[in-house]
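Undergrad: what's the 3D shape of this:
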Amino acid sequence: MQQPKRPRTPRGLKQDGAALWSYGFRPFFLGGAVWAIVSMALWIAALAHGVAIGGDYGGSLWHAHEMTFGFAPAVLAGFLLTAIPNWTGRLPVSGGPLIALFALWLIGRIGMLLAGLIGIGLAALLDAAFLPVLIWLCAREIIGGRKWQNLMVLAGVAVVTAGNLGFHLAMLTAGNARTWLHFAVAGYVVLVTIIGGRIIPSFTRNWLSQRGSQALPVPFGRFDLGTIAVSAIALLFWVALPFSPVTAALSSAAAMLNAVRLARWRGWLVGQEWLLLVLHLSYCFVPLGLLAIAATALGAVSETSSLHLLTVGVIATMMLAVMSRATRGHTGRSLSASRMTIAAYLCLFAAALLRPVADLSGMIAMMEAAGILWIAAFGLFVVENAPMLLHVRRPARAAEA
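TA: Residues are numbered from 1 along each chain as shown. Have a look, this model is predicted:
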């Protein structure tokens, strides 16, 4: 007599097997943080000791690529694969599909690491597959949940994907790869204005409401949409015409609008809790970075200085803030920053301020110091959060992402 089949446990709900593959934030936050450390250590070795990295990409472009298209997409994937189930009500991607997606990202990192041995053509092929698959997977979940408004987020991811493809194509055809790096960075910054504009006032409102405060963030409205639009236009001009007076004017306007937007979120009222305050402090780099773009367009600041205010200041600090908060929240920990977490934030903020100054001064020692601060920040994250990401299966707190 044939035995009846046991019903399959829905994906994301199994309590056996490795915790690492139960939710997207686990492997991608951990993998992204580890790669942030390893790739930065290799870049410091190249600066300080002339260690050859990147093959025909060259050390500088390899470093820029691995920060923009190696580390950052991993964190972005971890966030999206964790946030989308909250947006749609669908179960998270887990188990085999999650393992396959992470393997695709890891193959890309290995390919870029071995570019000097396998050539940039094969390295590009191995690296380029991850982001299109991530977009397809996220689009499938969003469309399946009929949350059409969240497809706007994937437009930003598509910009990053186009930047990566354009970067590789430029390298293979002797084009300008840095333009495509800037294009991708612009996509990330727009994503910060979209996603940050959603989570920062929401988390702040919840925290202040729980404490009986009547002074709450201004709800999302036309002003926010206008600010995002002006920021996107300014960043497109930065990519296409980085030294134009029009770029300076648009970037200055976008900086002022983002500063006002940040003030409307009342971040000064949450100074007691670093896990929330860090989100506001990270967003401060959006107007700062846009002002730096304006200064660069007018010839007052070097192009690399403004670029690092965006990459380290806006992108990396916001990602570390989201990683630490989401890890605690989705493993059932209290939403309160430990001393180690605060130390990680401070290290990365220091790196974000020191790196542009190092570009202005041209001092290699300052660049190395900024890199060491970066390694310290993500090293502290790994030390504190790896046990939670690898093992903790506590029920998640109320979903926020």
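Undergrad: Can you show me the strands along the stretch 301-401 of the chain?
TA: Taking DSSP state E, counting those that start in this stretch, the stretch 301-401 of the chain contains no strands at all.
Undergrad: any weak-confidence spans in it?
TA: Scanning the stretch 301-401 of the chain for pLDDT under 70 picks out 393-401.
Undergrad: Could I get the contacting residues of the closest residue to Ala343 other than its chain neighbours?
TA: Beyond its immediate neighbours in the sequence, the residue positioned closest to Ala343 (CB to CB, 6 or more residues apart in numbering) is Leu380, lying 5.7 Å away. All C-beta spots, glycine's among them, are computed from the backbone N, C-alpha and C. The neighbours of Leu380, taking CB atoms under 8 Å, 6 or more residues apart in numbering as the test, are 340-341, 343-344, 347.
Undergrad: Could you do Ala123 as well?
TA: Residues near Ala123 by CB under 8 Å, 6+ apart: 55, 57, 111-112, 114-115.
Undergrad: what about Ala255, helix or strand, and which?
TA: helix 245-263 (DSSP states H and E).
Undergrad: neighbours around Ala365, how many?
TA: Using other CB atoms under 10 Å, the number of residues around Ala365 comes to 11.
Undergrad: State the distance from it to Ile53.
TA: From Ala365 across to Ile53, the span is 20 Å (CB to CB, to the nearest Å).
Undergrad: and if you look at Arg90?
TA: From Arg90 across to Ile53, the span is 41 Å (CB to CB).
Undergrad: The two: which is more packed in?
TA: Higher neighbour count among Arg90 and Ile53: Ile53, with 20 against 17, using other CB under 10 Å.
Undergrad: Tell me the secondary structure of the more buried one, please.
TA: coil (DSSP: H, G, I helix; E, B strand; the rest coil).
Undergrad: which regions of this structure lie under the pLDDT threshold?
TA: Counting by pLDDT under 70, the low-confidence segments of the chain come to 1-17, 393-401.
Undergrad: one more time with 50, if that's ok
TA: Applying pLDDT under 50 to the predicted model, the residue ranges of the chain that meet it are 1-14, 396-399, 401.
Undergrad: Off-centre distance for the helix holding Ala255?
TA: Using CA atoms, centre = their mean, to the nearest Å, the mean C-alpha position of helix 245-263 is found 22 Å from that of the whole chain.
Undergrad: Could you identify the helix or strand that succeeds that helix?
TA: The helix or strand immediately downstream of helix 245-263 is helix 274-297, counting by DSSP H and E.
Undergrad: could you check the angle helix 245-263 makes with that following helix?
TA: Using axes from the mean of the first three to the mean of the last three CA atoms, to 10 degrees, the interaxial angle of helix 274-297 with respect to helix 245-263 works out to 160 degrees.
Undergrad: Please state the offset of helix 274-297 from the chain centre?
TA: Chain-centre distance of helix 274-297: 14 Å, with CA atoms, centre = their mean.
Undergrad: and that helix, what does it pack onto?
TA: Under the contact criterion of 3 or more CB pairs under 8 Å, 6 or more residues apart in numbering; DSSP states H and E, helix 274-297 touches helix 197-210, helix 222-240, helix 245-263, helix 303-308, helix 317-330, helix 339-361.
Undergrad: repeat that for 10 Å
TA: Other elements packing on helix 274-297 under the criterion 3 or more CB pairs under 10 Å, 6 or more residues apart in numbering; DSSP states H and E are helix 177-191, helix 197-210, helix 222-240, helix 245-263, helix 303-308, helix 317-330, helix 339-361.
Undergrad: deepest of the ones you listed, which one?
TA: The densest packing among the helices and strands packed on helix 274-297, expressed as mean neighbour count by mean count of other CB atoms under 10 Å, is seen in helix 317-330 with a mean of 25.
Undergrad: May I have it as CSV, with CA atoms only?
TA: Provided in CSV are the C-alpha atoms of helix 317-330 (Å, rounded to 0.1, in the frame of the first residue of the first chain):
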residue,chain,number,x,y,z
THR,A,317,27.0,53.9,5.8
MET,A,318,23.4,53.4,4.9
MET,A,319,24.0,49.8,4.1
LEU,A,320,25.8,49.2,7.4
ALA,A,321,22.9,50.9,9.2
VAL,A,322,20.3,48.7,7.5
MET,A,323,22.4,45.5,7.9
SER,A,324,22.8,45.9,11.7
ARG,A,325,19.1,46.9,12.2
ALA,A,326,17.7,44.2,10.0
THR,A,327,19.9,41.5,11.5
ARG,A,328,18.8,42.3,15.0
GLY,A,329,15.1,42.7,14.1
HIS,A,330,14.9,39.5,12.0
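Undergrad: Which elements pack onto it?
TA: With contacts defined as 3+ CB pairs under 10 Å, 6+ apart, the secondary structure elements packing on helix 317-330 are helix 25-49, helix 72-88, helix 177-191, helix 197-210, helix 274-297, helix 339-361, helix 364-390.
Undergrad: closest to Ala263 out of those helices?
TA: Ranking those by proximity to Ala263 (CB to CB) places helix 274-297 first, at 9.8 Å.
Undergrad: In CSV, list the helices and strands packed on helix 317-330 along with distance to Ile120.
TA: Formatted as CSV, those follow (distance: least, CB to CB, whole Å):
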stretch, distance to Ile120
helix 25-49, 17
helix 72-88, 19
helix 177-191, 11
helix 197-210, 37
helix 274-297, 29
helix 339-361, 26
helix 364-390, 24
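Undergrad: In this structure Leu262 contacts Val192, no?
TA: No - because the distance of 11.6 Å does not satisfy CB atoms under 10 Å, Leu262 is recorded as not touching Val192.
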